[in-house]
Structures are given as C-alpha cells and as structure tokens.
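Asks: what's the 3D shape of this:
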Amino acid sequence: MPQTSSRLRRSLLVLTAAAALALTGCASAPDAPAAAPSQSEAPAPSSECSYSTEARPASKAVDLPDADPAVSGEVPVTIATSAGDLAVTLDADATPCTTNSFLSLSEQGYFDGTNCHRLTTQGIFVLQCGDPTGTGTGGPGYAFADELSGSETYPAGTLAMANAGPDTNGSQFFIVYADTSLPPSYTVFGHLDTASTEIVAGVAANGTESGASDGTPKTPVTLDAVTAN
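Replies: Model prediction:
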C-alpha cells in the first residue's frame, strides 16, 4: 500500500502460497506493488538529497524540498487526524532524505485536508495516506530514492513509504497497524507509539466501504495537519 505509480490496484504480493496485497505509491500513485530488489547494504551517508521533477504534475502545488536535510536524529511529529492524533517519531539519521521530504510537505500544508484512501485487512495490514486526490494516483510532482538497508521489517506501528518500484517515492505513505510480512522494499522512516497504532487498528476494525479486504476505509480518516513537535 505505499505510493507513487498509478498502478496501485494492480497485482498483489504473494505473501503465502496465495496472493497478498502489496504497497505501492505511484511515483505519483499507489497500487499493490511489485517487490523491489532489496539492497544488502545501507546507502552511504550523503549530505545532499536529490528530488527529481516528474512529468506528472503535482496533485497540490508544492515547492521541492531543500537538497540539504535540516534535521537529524529522532524527530517527534504529530499527525492530527479525524480519528485522533497520531504520535510519530521519524528517524532522520537512517532516512534523511525521506524525513526531509515528509517534513517539507508537512510544513507546506500538503497533507492538510487529505484523506487516507486505502485500507487493507487481509494479507497485509496497512492504512495508506498522502495522496491529495484520494485516488492513489496523486503525488508531489517529484520522486526520490529509496533509503533501504535490506533488513527492513514491518511490525505494527511502522511508518513507511509507498512506491511503484525502486526509487519512486513521492508523498504517499502507509501505517502498519498489525504485524505485516513484506519484502524489504519500502523505506521505513518512522514509527507510531502504541496508543496511536491502536487508533489506526480501530479504524481497520470497521473494514472498508465495500466490505472487501482492500479499499477505501469505511471510517473516513482525514489528515488535518502534520506538525513537528
């Protein structure tokens, strides 16, 4: 359920012997992603980030993030939603460019008033957000590289980027509300505390609008604001 290419509801990951849902974000839109090749080593630290402009226009007017990340270490953030406030801690040391982009979008109000558009309740357990269009095809008009170690796991409380393949990150992200098995193809850039994870799990307990295991949450979740504490 991650984000960036308009292939979000396409094919789903095989998590067991059967097919299971994957996370995608289209380099402008989410889909059920194909497994991206994992990396055996963490990327070498860099003081600069590269955000490449895409042909697809931004779904909401936004400036590119600065190439030089402004924060380091653990960054506490509050995601205020219609379901309750989510307390999140971002890892700027492990994912400087992802964190830099997320904070830049947050400061510009990019996420304000947007709806989490995808909930999965079988195979993988995630709520996907970050698309102003609410369709799973929207993005910020730029893409940036994965920040992977190859050893990523996705337990309950994980905050990770959706994508449509390697290095297609944009604005869509997903929240894991129950332990989920996924390939190490999605950049993990933070985590929610227990109470916040339970809020998302409560939304998931109500299922999707259609009653299917993958679809729009029956309980709407609107992002009101994202602020660094």
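
Asks: which residue ranges form the helices in this structure?
Replies: 96-107, 194-205 (DSSP state H).

Asks: helices and strands around the first one, which ones?
Replies: Contacts of helix 96-107 with other secondary structure elements, assessed using 3 or more Cβ pairs under 8 Å, 6 or more residues apart in numbering; DSSP states H and E, are made with strand 74-81, strand 84-91, strand 188-192, strand 222-228. Just so you know, the C-beta spots here come from the backbone N, C-alpha and C atoms, and that holds for glycine as well.

Asks: Please list all residues in contact with residue 87.
Replies: Contacts of residue 87 were listed using Cβ atoms under 8 Å, 6 or more residues apart in numbering, and they are 76, 77, 78, 192, 193, 195, 196.

Asks: State the distance from it to residue 189.
Replies: For residue 87, the distance to residue 189 (Cβ to Cβ, to the nearest Å) stands at 15 Å.

Asks: so what's the nearest residue to residue 115 once chain neighbours are set aside scoring on pLDDT?
Replies: Nearest in space to residue 115, with sequence neighbours left out and distances taken as Cβ to Cβ, 6 or more residues apart in numbering, is residue 134 at 4.8 Å. Residue 134 is assigned 95 on the pLDDT scale.

Asks: And the strands in this structure?
Replies: Using DSSP state E, the strands of the chain run over 52-53, 74-81, 84-91, 114-115, 118-122, 124-129, 142-143, 158-161, 173-176, 188-192, 214-215, 222-228.

Asks: Figure out which of those is closest to residue 106.
Replies: Smallest distance to residue 106 across the strands of the chain (Cβ to Cβ): 3.8 Å, for strand 222-228.

Asks: And the contacts of the closest one?
Replies: Contacts of strand 222-228 (Cβ under 8 Å, 6+ apart): 71, 75-82, 102-103, 105-107, 109, 111-116, 129.

Asks: what's the distance between the residue nearest to residue 49 when sequence neighbours are not counted and residue 180?
Replies: Of all residues not flanking residue 49 in the chain, residue 97 sits nearest, at 3.6 Å (Cβ to Cβ, 6+ apart). Look at residue 97 and residue 180: by Cβ to Cβ, they are 24 Å apart.

Asks: re the thing from before, I'd like the helices and strands packed on helix 96-107 laid out as CSV, including distance to residue 51.
Replies: Below are these laid out as CSV (distance: least, Cβ to Cβ, whole Å):
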stretch, distance to residue 51
strand 74-81, 19
strand 84-91, 17
strand 188-192, 15
strand 222-228, 18
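
Asks: Of those strands, which is nearest residue 62?
Replies: Across the helices and strands packed on helix 96-107, residue 62 has its closest neighbour in strand 222-228 (13.2 Å, Cβ to Cβ).

Asks: Report the buried members of the contacts of strand 222-228.
Replies: Taking 16 or more other Cβ atoms under 10 Å as the criterion, what is buried in the contacts of strand 222-228 is 75, 77-81, 102-103, 105-106, 111-112, 114-116, 129.
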